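J.: sequence first, then the predicted structure, then my questions.
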Amino acid sequence: MAAQRPDPADPGTTYMDVLAIASEIRRLHLHSNEGEVNGVWNSVLNWVFDPVNGFITKPQAMHTGTGGARDFSDFHTLAVAGRTRHSFLITQCKSPDGEGKKSVWADGEAQLLRYLRMEHSNRRGPQRPAYGILAIGRRVRFFQYYRAIDDIRGWRPSRPIPDRRGDRDFYHLEREATQVQMALRDILNHH
């Protein structure tokens with residue numbers, strides 16, 4: 001008999017309650033490759049933003065910018081209703097060996113901003129929230145894209161991070177699963 005599926009919307013539940021996801025997170029180490037980090041986030045994103053509930057997470061999604069520039073993000077999550085698709089989350093992953101390297105975080109942040117700009121800077125109509133996740137190994141940072149200033153800011157549920165380049169502006173994927181899940185749940189509920 002299959003195990004009961006944990007509900008990502010339940011406040012007491014995190015992705016660590018999904019045995020396969022928890023196992024893969026615990027397997028991550030400093031020498032894991034980027035594909036292993038992508039595997040964790042592919043599972044987490046598809047569990048939280050379930051296709052059964054109208055979401056699609058596309059791996060290696062192509063983004064087109066002004067002048068026809070193209071690039072690929074690791075994951076692009078959209079809400080789908082009939083023929084309408086609403087982009088609201090882009091996730092970029094890096095290998096664990098960059099966890100403590102400021103240059104890797106800065107490069108990842110610049111990459112994430114580029115993808116969010118390609119998707120959201122030229123949109124017409126009222127601005128809907130657009131979010132970004134930068135996952136470097138076992139560490140994760142959340143961002144919100146602000147079209148009015150064409151920039152991203154570090155973000156946490158219910159309060160922005162004042163200094164996006166602060167010393168401790170990331171969550172640890174295993175030890176701080178409750179906070180990470182809370183951020184994912186907030187994105188799910190407010191996209």
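T.: Thanks, I have the structure now.

J.: ok, longest helix in this structure?
T.: Using DSSP state H to define each element, the chain has its longest helix at helix 102-120.

J.: beta partners for residue 57?
T.: With DSSP bridges as the criterion, residue 57 is bridged to residue 77.

J.: my guess is it meets residue 76, correct?
T.: Yes: applying Cβ atoms under 8 Å as the test, residue 57 and residue 76 come out as touching, 7.2 Å apart. Just so you know, the C-beta spots here come from the backbone N, C-alpha and C atoms, and that holds for glycine as well.

J.: centroid-nearest residue for the protein?
T.: Closest residue to the average C-alpha location of the chain: residue 133 at 3.1 Å, with Cα atoms, centre = their mean.

J.: and the helices in this structure?
T.: Under DSSP H, the chain gives helices at 19-27, 34-48, 102-120, 177-190.

J.: I'd like the average pLDDT over the shortest one.
T.: Helix 19-27 shows an average pLDDT of 97 in the prediction.

J.: mind listing what's buried along that helix?
T.: Across helix 19-27, burial judged by 16 or more other Cβ atoms under 10 Å covers 21, 22, 24, 25.

J.: kindly report the same for the third one.
T.: If you call a residue buried by 16+ other Cβ under 10 Å, then helix 102-120 has these buried ones: 104-105, 108-109, 111-120.

J.: look up how far residue 108 lies from residue 114.
T.: 11 Å (Cβ to Cβ, to the nearest Å).

J.: same check on residue 4?
T.: Distance from residue 4 to residue 108, by Cβ to Cβ: 36 Å.

J.: now residue 56
T.: From residue 56 to residue 108 the distance is 23 Å (Cβ to Cβ).

J.: how many neighbours does the spatially closest residue to residue 190 that is not a sequence neighbour have?
T.: Excluding the flanking residues, the one nearest residue 190 by Cβ to Cβ, 6 or more residues apart in numbering is residue 129, at 5.8 Å. Counted with other Cβ atoms under 10 Å, the neighbours of residue 129 add up to 15.

J.: many thanks, have a good one.
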